[in-house]
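Student: Here is a sequence with its predicted model. Questions after.
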Amino acid sequence: MDLTLTTSEQAFRDEIRGWLEQNNPGAAPVAGDDAEFEFRRGWQKTMHEAGFAGLSWPEEYGGRGASMIEQSIFNQELALSRAPMPANVLGLVMGGPVVIAHGDTEQKERYLEPILSGEEIWCQGFSEPDSGSDLASLKTRAVKSNGGWRITGQKVWTTYAHEAKWCMLLARTDPESPKHRGITYFIFDMEADGVEVRPLRQITGEAEFNEIFFEDAYVPDENVVGEVGGGWQVAITTLMFERAGLGAAAAISVSNSLDDLIALIRERGLAEDPMVRDRVARLKMGVEALRLGGMRTLTRTMKAGIPGPEGSLGKWEWASVNQELGELAMDVLGPAAAVDGEEWTYRFLRSRANSIEGGTTEVLKNIVAERVLGLPKLR
Amino acid sequence: MNFDLNDEQRAIKDTARELLASRFKLDKVRELAESGSYDDAIWKEIGGLGWAGIAVPEEHGGQGLGIVELMLLCEEVGYACAPLPLFSSAAAGLVIASAGSDEQRERWLPELSSGQVTAGIPATAPEDDSVMIDADGAAVLAFDRGEGPRLAEPSEVEISGLDLIDRTRRYSQLSGEGGQEIPGEIDWALAAITIAFAGELTGLAQRAMEMAVEYARDREQFGRPIGAYQGVSHACAKMLYDVEEARSLTYYAAWCADAQPESLPLAASMAKARASEAAWDVAAASLQVHGGIAFTWEHDLQFFLKRARVSSGLYGTPRRHRNRVADIAGLGSLEPATA
């Protein structure tokens, strides 16, 4: 057990830290508009030119072949310096790794470089109105047609759909097969005919997500990733990378928020309120447990090669801590908390989605109970 | 960066798990708890392995390992709910090794480390009634009656037994001011002891969880195992959440005691507060998963539940530790009115 960085890890961290001091563009303009997105695209270009986009991708695909620890150090430094997220986060964390793991040579040549440069943005077409937690029940149809497939159906909760060139799309190619087997994974061109994107306004007032409607939209055979009918396994890889890739940075950004909240508490003269202190202490312990749990998961994943089901605990923990943090901020602000457009009010409202997006807490509890504790399945 | 036990630490933990499981089957725990005693023959065997001196320097007859290793042994003692004076002797060893005079070290450390004698130590602050652990039968007592830490032999003070709901450990109260001063600074030793105790609480929580999970797999109602119902399975998942948070914070704190002293005060308080709460919450939830059977005297969960309840209030209540966490996290100090 040694929680310090090795000499080479430390050298890597110093390199990142030095580079960020020079290049961190600072906070993006107002959230949710196109200017912010273009700002983040520019930031990703800067990262890519310095060789930091797709850090853990193999060198032959334009990455740096960094270890998982280095990738995690990079994400942490990024979060610590409060730098913005790169624009193509879904392409970097999910799309690219899936093409590397399951794509053919042509797909690797076609798709990887523009993901790194931020030239082509990726979005994820998984969830549907009737298929949330039960994703494998999805109904969007793909019908064989003329060297390709015609897609009809609806996707929802799609981040960046209006900015995206490519959509990681799950559609049912064989309605006769058992539900996990008849699904295929497509890289769908968002500029194709028969696609409509509608923004989905959420309780914060902004439209971070979209709905996508497909009406007989065409996608050629060469855009299938993996086998026809083998899309479920490809999708599982995507989700595993999602949880593993975003975990460490998430812990740091909650920690940053707690520091902001502690400053707010002092400013409002509540530092000696015993109830407030008790809640702050619990949050501090939650934030630290999240950080340390992330380190344990990382160590285990390095040994096993792939993330295990215990990563579900971290996602659950993160949602719970972030929501408690938002609630304490509201209590500390008192009546001022109700002011619309206030930064803390936004964080508070946004945190309500944390226990739903990327796996509801209830689904995560099922995974922990069945796959970690070995309890019998409900079904 | 590597947050996992090394091979030697893993071997220590596994050996302890195995040995304690064979010596302290739950029937044995029950027999000792009901008679309020320890088994001298088992202590002779386990003490003889040098466990109490695992973190005492070799020059004083110890094994010269660290707080991580001691904490792992304590975790396994908690897992077995073992009636055993290990923690008290190890804790006294840490105090004497880090803060005792040369004479005190020579007098006590070799015999404590080899298990030939045992020690009694305080488990609460002086203003909270000076509850002692394992004072009766001990050859040496460390204590603090508000005038600074002291070391005495049993004939120099008064000890009166204290019956707490936890009967798997011996508690007492001490009065009198005999003995000699411990001259050195004991802050590090106190933090290390607190962390080792958090290890024991983590072990108690782990076992109470495993008992619940096993029962939920076997027990059938309405035609299927109760663990298939989310009301039960989600309660078990929450137990793992609590156990793993406690373990992350406790292992980290133990590592800080060995390798990163500047982080120790915060780490120790977080570990003790979290492990205390986890031990109680998991034991209570485990009783609920078991249903009526675990409310009976004949069921063994009671030993874990009661030890968890009593232990969570020793070495600083969770509330007091959280107050300290709030202080170090940036809110500044505030003395609590009471414990």
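Tutor: Alright, I've got the coordinates.

Student: so the nearest residue to A:F126 once chain neighbours are set aside is in which element?
Tutor: Excluding its sequence neighbours, the residue lying closest to A:F126 (CB to CB, 6 or more residues apart in numbering or on different chains) is A:L170, at 5.5 Å. Just so you know, the C-beta spots here come from the backbone N, C-alpha and C atoms, and that holds for glycine as well. Using DSSP states H and E, A:L170 maps to strand A:166-172.

Student: So what touches that strand?
Tutor: A:90-91, A:94-95, A:98, A:111, A:120-126, A:135, A:138-142, A:149, A:151, A:153, A:155, A:158, A:161, A:182-190, A:212, A:219, A:231, A:235, A:238 (CB atoms under 8 Å, 6 or more residues apart in numbering or on different chains).

Student: care to break the chain down by domain?
Tutor: Using chain A. A:7-117, A:122-229, A:234-372 (automatic domain parsing).

Student: ah, no, chain B please
Tutor: According to automatic domain parsing, the ranges for chain B are B:7-181, B:187-331.

Student: you'd agree A:L80 is up against A:I252?
Tutor: Yes. A:L80 lies in contact with A:I252 (CB atoms under 8 Å); the separation is 5.7 Å.

Student: and the residue nearest the centre of chain B, helix, strand or coil?
Tutor: Central residue of chain B (CA atoms, centre = their mean): B:F197, 3.0 Å from the mean position. Classification of B:F197 by DSSP: H, G, I helix; E, B strand; the rest coil places it in helix.

Student: Nearest to chain A, out of the domains of chain B?
Tutor: Nearest to chain A, of all these, is domain B:187-331, at 3.6 Å by CB to the nearest CB.

Student: Show me what the helix or strand hosting A:Q44 is packed against.
Tutor: A:Q44 is part of helix A:34-49, with elements assigned from DSSP H and E. Applying 3 or more CB pairs under 8 Å, 6 or more residues apart in numbering or on different chains; DSSP states H and E, one finds that helix A:34-49 contacts helix A:105-117.

Student: Next to chain B in this structure, residues from the stretch 1-150 of chain A, please.
Tutor: Within reach of chain B by CB under 8 Å from any CB of the partner chain, the stretch 1-150 of chain A has these residues: A:M1, A:D2, A:L3, A:T4, A:L5, A:T6, A:E9, A:I69.

Student: 6 Å - rerun?
Tutor: A:M1, A:D2, A:L3, A:L5, A:I69 (CB under 6 Å from any CB of the partner chain).

Student: I'd like these written out as JSON lines, with secondary structure, pLDDT and neighbour count added.
Tutor: Below are the residues of the stretch 1-150 of chain A next to chain B laid out as JSON lines (DSSP: H, G, I helix; E, B strand; the rest coil; pLDDT from 0 to 100; neighbours: other CB atoms under 10 Å in any protein chain shown):
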{"residue": "A:M1", "secondary structure": "coil", "pLDDT": "90", "neighbour count": "17"}
{"residue": "A:D2", "secondary structure": "strand", "pLDDT": "91", "neighbour count": "12"}
{"residue": "A:L3", "secondary structure": "coil", "pLDDT": "91", "neighbour count": "17"}
{"residue": "A:L5", "secondary structure": "coil", "pLDDT": "91", "neighbour count": "15"}
{"residue": "A:I69", "secondary structure": "helix", "pLDDT": "85", "neighbour count": "21"}
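
Student: With distance to A:S312 as extra columns, can I get those residues in JSON lines?
Tutor: Listed next are those as JSON lines, based on distance: CB to CB, whole Å:
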{"residue": "A:M1", "distance to A:S312": "24"}
{"residue": "A:D2", "distance to A:S312": "26"}
{"residue": "A:L3", "distance to A:S312": "23"}
{"residue": "A:L5", "distance to A:S312": "27"}
{"residue": "A:I69", "distance to A:S312": "21"}
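
Student: related to what we said a few turns ago, let me know how buried the residue nearest to A:F126 is, in neighbour terms.
Tutor: Residue neighbour count, defined by other CB atoms under 10 Å in any protein chain shown, stands at 26 for A:L170.

Student: Helices of chain A, start to end?
Tutor: With helices called from DSSP state H, chain A shows them at A:7-23, A:34-49, A:68-80, A:89-90, A:96-102, A:105-117, A:231-267, A:274-304, A:311-333, A:343-351, A:361-367.

Student: which stretches of chain B form strands?
Tutor: For chain B, applying DSSP state E gives strands covering B:119-122, B:131-133, B:140-144, B:149-152, B:158-162, B:171-175, B:180-181, B:220-221, B:224-225.
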